[in-house]
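I need the structure of the sequence given here:
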Amino acid sequence: MSMRLKKGDQVAVNTGKDKGKVGEVMKILGMKAIVKGVNISKKHQKQDQKNEGGVLNKEMPIMLSNLMPIDKKTNKGVRVGYKYLKDNKKVRINIKTGDQIDG
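A predicted model of the protein is given here:
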């Protein structure tokens, strides 16, 4: 499984109908992620005892390759690399600057 993105990361969409949108990763599903406010589709929900029926907007999974984590300093998408710290902990870094990505 990829460590490139984690739950809670702010990400930008590279390609597709939602190109340029920014959102937070809510869930990782293998090679796909569900991002808040991105790749929304309509779902027709039948009424039951708990939920009201109607047409709901629902976030659908999007491929991880179409997402880039956002650097907090520049507010732009960055490519991710990896580095081991002195205590053998693996961390994500920004390829361009070498800075550690928080999270």
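
Could you list the low-pLDDT ranges of this protein?
1-2, 103 (pLDDT under 70).

show me what contacts Leu64?
Going by Cβ atoms under 8 Å, 6 or more residues apart in numbering, Leu64 touches 2, 4-5, 28, 31-33. For glycine as for every other residue, the C-beta is placed from the backbone atoms N, C-alpha and C.

repeat for Gly54
Each residue near Gly54 by Cβ under 8 Å, 6+ apart is listed here: 44-45, 47.

can I get those in JSON lines with neighbour count?
What follows is the contacts of Gly54, written out as JSON lines (neighbours: other Cβ atoms under 10 Å):
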{"residue": "His44", "neighbour count": "8"}
{"residue": "Gln45", "neighbour count": "13"}
{"residue": "Gln47", "neighbour count": "9"}
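
Tabulate these (CSV), appending secondary structure.
CSV is the format used below for those (DSSP: H, G, I helix; E, B strand; the rest coil):
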residue, secondary structure
His44, strand
Gln45, strand
Gln47, coil
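
Check which helices and strands the helix or strand where Val25 lies is in contact with.
Val25 belongs to strand 22-29 when elements are defined using DSSP states H and E. For strand 22-29, the contact count by 3 or more Cβ pairs under 8 Å, 6 or more residues apart in numbering; DSSP states H and E identifies strand 10-13, strand 32-35 as packing neighbours.

Adjacent strands (with direction) for that strand?
strand 10-13 (antiparallel), strand 32-35 (antiparallel) (DSSP bridges).

To Pro61, which of these lies closest?
strand 32-35 (3.7 Å; Cβ to Cβ).

And the strands in this protein, which stretches?
10-13, 22-29, 32-35, 40-45, 54-59, 62-63, 67-69, 80-84, 90-94 (DSSP state E).

Reformat the ones you listed into JSON lines and put distance to Gln100 next to each item.
Formatted as JSON lines, the strands of the chain follow (distance: least, Cβ to Cβ, whole Å):
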{"stretch": "strand 10-13", "distance to Gln100": "15"}
{"stretch": "strand 22-29", "distance to Gln100": "18"}
{"stretch": "strand 32-35", "distance to Gln100": "21"}
{"stretch": "strand 40-45", "distance to Gln100": "32"}
{"stretch": "strand 54-59", "distance to Gln100": "29"}
{"stretch": "strand 62-63", "distance to Gln100": "25"}
{"stretch": "strand 67-69", "distance to Gln100": "12"}
{"stretch": "strand 80-84", "distance to Gln100": "8"}
{"stretch": "strand 90-94", "distance to Gln100": "5"}
